[in-house]
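Q: model this:
(2 chains)
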Amino acid sequence: MTWKNYFILCAALIVLTPLLVLFVPGVADLFETIVLVFLSTTAS
Amino acid sequence: MKILKILVQIVGVLVVVFAAALVTLRVEHRNADGPSILFPGGAFTTGEVYEGPEPDWSFTDDIQVIELQIDDPVSSRRTWIMESGGKIYVPSGYMRSFLGRIWKDWAFQVVEGDGSGEIRINGVRYPRRLIRITGGPELDGIVAKMRQKYAPGANRQMIESGDVWVFELAPRGD
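A: Numbers count the residues shown, from 1 in each chain, chains lettered A, B, ... in the order given. Here you go, the predicted model:
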């Protein structure tokens, strides 16, 4: 992918990701569960 | 070089998505009525405030996670709960790790403040005062309950060394 298209993709993701997290049921919980598992296994 | 570029772009996308989700959830929950799974929330605004004699806390043996609010500064999070000897306690782990110092900032705030707070269990709010327990005979019962409910490997050493902090949720006595 060209860098121009790549940065356009990143900008789109920055807009889309919050919308997904806020309005699609389950996405937020899934994300939080994954992060919680990661923290629990690496924090000690 | 092409493979490296692709790898860098994939990692970059993952970082962007992760960061955007993290910031969104952190901001969304900051002033919410209670916490989410991972992110701290704001003050409890719903739920009946319990008024009456000290309850029989043995019912918490069947409850894995409760909501805990501290008052200074106001924030809330989910936490484990252990009942022992008629009293209730909450733990905070990873206290001597770098990640723990960031993740468990509430415990440091409790110790530095007056310890006033509130718990919410099944929609009922109980005003409490958090008092850190660092040793003593009551630790045996607390550790036994922690092993039974959550962490079979828990022991007194973890608490006495400061790896795990334990707070008694004492009546507020306002």
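Q: how many other residues sit next to B:E28?
A: Using other C-beta atoms under 10 Å in any protein chain shown, B:E28 has 16 other residues around it. C-beta: built from backbone N, CA, C; applies to glycine.
Q: Could I get the phi/psi values of it?
A: Phi and psi for B:E28, reported as degrees, to the nearest 10, are phi -60, psi -40.
Q: What sits closest to it if chain neighbours are left out?
A: Take B:E28 and drop its neighbours on the chain: the residue closest to it by C-beta to C-beta, 6 or more residues apart in numbering or on different chains is A:L22, 6.7 Å away.
Q: give me every residue that touches A:E32.
A: The contact partners of A:E32, by C-beta atoms under 8 Å, 6 or more residues apart in numbering or on different chains, come to B:25, B:36-39.
Q: Secondary structure element holding residue 38?
A: Unless you meant another one, I'm taking chain A. Assigned by DSSP states H and E, A:F38 belongs to helix A:27-42.
Q: um, chain B though
A: Using DSSP H and E, B:L38 falls outside every helix and strand.
Q: Help me confirm that it comes into contact with A:L36.
A: Yes. Taking C-beta atoms under 8 Å as the definition, B:L38 is a contact partner of A:L36 at 5.0 Å.
Q: For these two, indicate the residue with more neighbours.
A: Higher neighbour count among B:L38 and A:L36: B:L38, with 21 against 14, using other C-beta under 10 Å.
Q: which residues touch that one?
A: Neighbours of B:L38 in contact, by C-beta under 8 Å, 6+ apart: A:32-33, A:35-36, A:39, B:25.
Q: what about 7 Å?
A: A:32, A:35-36 (C-beta atoms under 7 Å, 6 or more residues apart in numbering or on different chains).
Q: Turn those into CSV, columns for distance to A:M1 and pLDDT.
A: As requested, these are exported to CSV (distance: C-beta to C-beta, whole Å; pLDDT from 0 to 100):
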residue, distance to A:M1, pLDDT
A:E32, 30, 88
A:V35, 27, 86
A:L36, 32, 84
